[in-house]
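> My questions are about this predicted structure, shown below with the sequence.
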Amino acid sequence: MIETRQRKEFLLDFTEELEEKAIKSGSYQIPFLEKMISFMDRPDEPEILLPPFKDSGKNIAVNAYSYDDENQVLDVYVVDYNFEQNEEDLLSINMTAVTEIANRAKRFITNSKNLLQTIDHSLEAYDLAKIIGEVMNSLNEINIFVITNMYYTSNKPVEITIPGIETVNVQVWDIDRVQQLITSEQAIETDYIDFEQDYGETFEMMFVPDPSSGMKDFECYIGYISAVLLAKAYDEWGQKLVERNVRSFLQARGGTNKGIRDTLKDPFQRKMFVAYNNGISTVARTGDFEPVKDGVNQFKIKGLSGWQIVNGGQTTASIHKAYKDGISLKDVYVQAKLTILQVNEFVEKDQHQIEDEMISRISQYANTQNKINKSDLLANTRFMSDLEKFSRNIWIPGKDGRRSESKWYFERARGQYMVDINRRNRGKEQTDFKKQYPKNKVLTKVDMAKYFMSWEGYPHVSSKGGEEAFKKFMELNKSFWSGNFLDKITLSVYQKLIARAIINLRVKEIVDEMKLRGYKANVLYYTTAMIHQIYNEQIDLVEVWKEQSLSQKWEDIIRIIAEKTLSYLRESAGERNVTQWAKQEACWIQYKETCSQELKNLI
């Protein structure tokens, strides 16, 4: 009953926010997709097709895509938005329906050659078809993401094959998955896993003694776990077991995991797995430990509460894939480290934040094999924490002599805003909170980074997506968080960061109103960068903060620059993909050199 009530409340809040954006955009699919993508944390930010591609006769549909040239991986997104979904009925979707939705995207891929002859060249869907035609023979992997506002309760894996492609993954992102992700991002789940009773197997670990005395924040154990036990646990608990991993999306993909799978297939190499693989790092709140023998520093792990794999999720996913494929995992063992977090309940600091910080450091220092998302690892720096504190304390300037009523809400962790709402009772408490922190003034760390980078003259970096923008943003602001913290966050620094967001958001509104066809994100970043390039001295960021808006005198200028930006991106790209071209610094340098003078005398 509690879980059902939480689902209903979450869906209601999620849908309310969508409705506000849908009224402005005239579409539910697009704001829904944008919202869902914000939780997925992909290495390459998807290009959302405007309009989405749909061929009802051939049952083909695609809503977004991204292509990772370095790893030769194509991601394709297809949306299933059911308008009848509501918090009373909580409509679900079955595996057959999910498979058919995924096949719509597959048909776009397999029919891309023919589609090139029929799709309007000015549409972004044409770019996708062209990319597929160029790279199809060299692709290592294709990921099809089914994005739905229904509940995929069976959670069964969907298998799809595409001729010539070795690895095809289908991932379902439903409302339930987002809710679980938000919950787990905020605190470790408390579910208890009984290894002995549920799987008929335990594992043994050695306690690492601590020479210091007094209270400490953790206990550490090292040892190994059988691959079969790990695969069985993952098979049952799935994504819930790895949500605290620095990668929120895990699968058997890429060169590292292909190597793991190849090792497991070979009978001799299989037994060497523990020597070849770096193993997993895990955390838990409590556990059922049984001494193996008196006087021996070794324990049998019978069960764990809140067990999470914070590093080694890729290894876990690869082992699980081999297990599901029927590959024998007998005599395969995985190195394991277990940290039991002991957060003192009497410590004044927020317990969730302490756990987040500890897990972030464990993830960072344990991971040596694969790329880690900097936005996750750096979310707990003092810089981010200080920005969060400012946003909770600094009121937006009041108007007409009235007192201030609202603040900006800086979201340091994904889903933090929705969690804060749901911690309050429905009715007056939630209404008061939303009044103080309006939904249209919620600012995520990666959005803030993209807005900062575009204003500071790095639209090509913002075009690469939130992860790259955040990495560059943190590098440019290193004095606030690295080393000896040479600089301290001041009110002025905070106000100017928000002012950059206000400018970007206003440019976005105007671009949306113009209904330009294609590349809206790139147009936003390049337009904002050009405004700063030409008119920087005429725009005072502190004044923008005070007014909480950009002066109306800039609106016609924004429209002119936006139109020029779109035509420039298309013409200068030539035969290149426009989105990929916009990610290159050469694109921005050329735009400045060829168009600045022409646009300089608009005021």
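Thanks, I have the structure now.
> Wait, a strand at F289?
Yes. Checked against DSSP: H, G, I helix; E, B strand; the rest coil, F289 lies within a strand.
> Number the chain from 666, please
Yes, from this point I'll number from 666; that puts the last item at F954.
> Show me the beta-bridge partners of it.
I966 (DSSP bridges).
> Pull the contacting residues for it.
Applying C-beta atoms under 8 Å, 6 or more residues apart in numbering, one finds that F954 lies in contact with 964-967. For the C-beta atoms, the positions are set from N, CA and C on the backbone; glycine is no exception.
> And for P711?
Neighbours of P711 in contact, by C-beta under 8 Å, 6+ apart: 702, 729-731, 740, 742.
> What's the separation between it and K1110?
Distance of P711 to K1110, given as C-beta to C-beta, to the nearest Å: 19 Å.
> rewinding a little: mind putting the contacts of F954 in TSV, distance to V1209 and neighbour count included?
What follows is the contacts of F954, written out as TSV (distance: C-beta to C-beta, whole Å; neighbours: other C-beta atoms under 10 Å):
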residue	distance to V1209	neighbour count
F964	59	21
K965	62	15
I966	56	22
K967	59	16
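> now, which of the residues you listed sits nearest H786?
Using C-beta to C-beta, I966 is the member of the contacts of F954 that sits closest to H786, with 60.2 Å.
> ok, the closest one to R1067 distance?
Relative to R1067, I966 is positioned 60 Å away (C-beta to C-beta).
> Most widely separated two among the contacts of P711?
So for those, where distance means C-beta to C-beta, the most widely separated pair is I702 and Y730, at 11.6 Å.
> what do these two both touch?
Here I702 and Y730 have 711, 742 as joint contacts, going by C-beta under 8 Å, 6+ apart.
> More neighbours: which of the two?
Counted by other C-beta atoms under 10 Å, I702 and Y730 do not tie: Y730 has more neighbours, with 27 against 22.
> So in terms of bridging, what pairs with the more buried one?
With beta bridges defined as DSSP bridges, Y730 has these partners: E712, V741.
> OK, contacts around it?
711-712, 714, 739-742, 793, 796.
> In this protein, what helix or strand scores lowest on average pLDDT?
For the chain, scoring each helix and strand by mean pLDDT, DSSP states H and E identifies helix 1039-1042 as the least confident one, at a mean of 52.
> Which secondary structure state does A726 sit in?
Per three-state DSSP, the local secondary structure of A726 is strand.
> Shouldn't V843 be within a helix?
Yes. With three-state DSSP as the criterion, V843 is assigned to a helix.
> tell me the domain boundaries of the protein?
When the chain is parsed with automatic domain parsing, its domains come out as 667-844, 852-1037, 1047-1264.
> need the contacts of F954 in CSV with distance to D953, can you?
Shown next, in CSV, are the contacts of F954 (distance: C-beta to C-beta, whole Å):
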residue, distance to D953
F964, 10
K965, 9
I966, 7
K967, 4
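> just the helices in the stretch 666-815 of the chain please.
All helices of the stretch 666-815 of the chain, identified by DSSP state H, counting those that start in this stretch, fall at 667-690, 694-705, 760-775, 777-780, 789-800.
> In JSON lines, list those along with mean pLDDT and distance to E1133.
What follows is the helices of the stretch 666-815 of the chain, written out as JSON lines (pLDDT from 0 to 100; distance: least, C-beta to C-beta, whole Å):
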{"stretch": "helix 667-690", "mean pLDDT": "79", "distance to E1133": "25"}
{"stretch": "helix 694-705", "mean pLDDT": "88", "distance to E1133": "15"}
{"stretch": "helix 760-775", "mean pLDDT": "96", "distance to E1133": "25"}
{"stretch": "helix 777-780", "mean pLDDT": "92", "distance to E1133": "27"}
{"stretch": "helix 789-800", "mean pLDDT": "90", "distance to E1133": "19"}
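> Tabulate those helices (TSV), appending distance to N1201.
Converted to TSV, those look like this (distance: least, C-beta to C-beta, whole Å):
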stretch	distance to N1201
helix 667-690	29
helix 694-705	29
helix 760-775	43
helix 777-780	43
helix 789-800	31
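> Tell me which of those helices sits nearest to T947.
Proximity to T947, assessed across these by C-beta to C-beta, is greatest for helix 694-705 (23.2 Å).
> Where among the domains of the chain is average confidence lowest?
The minimum mean pLDDT among those belongs to domain 852-1037 (a mean of 74).
> For D900, which non-adjacent residue is closest in space?
H985 (6.2 Å; C-beta to C-beta, 6 or more residues apart in numbering).
> Starting from the host helix or strand of the one you found, tell me the next helix or strand along the chain.
Under the criterion DSSP states H and E, the helix or strand holding H985 is helix 978-989. Sequence-wise, the next helix or strand downstream of helix 978-989 (DSSP H and E) is strand 998-1006.
> How about residues contacting that next one?
853, 868, 870, 882-892, 895, 938-939, 942-952, 966, 969, 977, 980, 984, 1020, 1023-1024, 1027, 1031.
> Can you list which of the residues you listed are found in strands?
Filtering these for membership in strands, criterion DSSP state E, returns 868, 870, 883-891, 945-949, 951-952, 966, 969.
> Just the buried ones among the residues you listed, please.
Members of those that pass the buried threshold by neighbour count (16 or more other C-beta atoms under 10 Å) are listed as 868, 870, 884, 886, 888, 890-891, 945-949, 952, 966, 969.
> ok, so of these, who is nearest Y1159?
When these are compared for distance to Y1159 (C-beta to C-beta), V948 comes out closest, at 32.8 Å.
> Name whatever forms a beta bridge with that closest one.
Using DSSP bridges, the bridge partners assigned to V948 are Q973, T1004.
> Check which residues of the helix or strand containing S1050 are buried.
Secondary structure here is read from DSSP H and E; on that basis S1050 sits in helix 1047-1058. Of the residues in helix 1047-1058, those with enough neighbours to count as buried (16+ other C-beta under 10 Å) are 1048-1053, 1055-1056.
> Go through those residues and name the one nearest V957.
Looking at those and their distance to V957, the nearest is S1050, at 42.1 Å (C-beta to C-beta).
> ok, the spatially closest residue to that closest one that is not a sequence neighbour to E824 distance?
When the adjacent residues along the chain are set aside, S1050 lies closest to R1077, with 7.1 Å between them (C-beta to C-beta, 6+ apart). Plainly put, R1077 is 38 Å away from E824 if you go by C-beta to C-beta.
> Compare these two (neighbour count), which wins?
More crowded of R1077 and E824, by other C-beta under 10 Å: R1077, with 18 against 11.
> how close does that one get to Q845?
For R1077, the distance to Q845 (C-beta to C-beta) stands at 19 Å.
> For the stretch 1116-1265 of the chain, which segments count as strands?
Using DSSP state E, counting those that start in this stretch, the stretch 1116-1265 of the chain contains no strands.
> So N802 sits against I830, correct?
No. With the criterion set as C-beta atoms under 8 Å, N802 and I830 do not qualify as a contacting pair; they are 9.9 Å apart.
> neighbour-wise, which of those two wins?
For N802 and I830, the more surrounded residue by other C-beta under 10 Å is I830, and the numbers stand at 17 against 8.
> N808 is in contact with the more buried one, correct?
No. Here I830 lies out of contact with N808, judged by C-beta under 8 Å, at a distance of 10.7 Å.
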